[in-house]
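[1] next one to model:
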Amino acid sequence: MSLHISKYDWKVIFVLREKLMLRLVGEEPYGYQKTLSNTMIESVILNDGHTLASEWSRQCGKTTCVVGTVVFLLLY
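    Predicted coordinates:
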């Protein structure tokens, strides 16, 4: 089964994620957080089963990004 999601639909999904993270954390995610979060969301929705690796410095919002993305996926 092939799942087709338009660019507009992806944009709506990512905007919803940003709004949720704004409510949870009090600020929108940074660009580098959006990149990882978008990749995680795409992989889950498309059921790719990818293993994602990301290396960030300390105190840059890794946990916030991952937790916000997982909460978004659980709720939506």
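
[2] elements contacting the longest helix anywhere in the chain?
    Longest helix of the chain, by residue count under DSSP state H: helix 7-25. Helix 7-25 makes packing contacts with helix 31-45, helix 62-75 when contacts are defined by 3 or more C-beta pairs under 8 Å, 6 or more residues apart in numbering; DSSP states H and E. Any C-beta I mention is one placed from the backbone N, CA and C, and that applies to glycine too.

[3] try 6 Å this time
    Packing partners of helix 7-25 (3 or more C-beta pairs under 6 Å, 6 or more residues apart in numbering; DSSP states H and E): helix 62-75.

[4] and the helix it packs on with helix 7-25, angle?
    120 degrees (axes from the mean of the first three to the mean of the last three C-alpha atoms, to 10 degrees).

[5] so which bits of stretch 60-69 are buried?
    61, 64-66, 68-69 (16 or more other C-beta atoms under 10 Å).

[6] go on, stretch 39-49?
    40-41.
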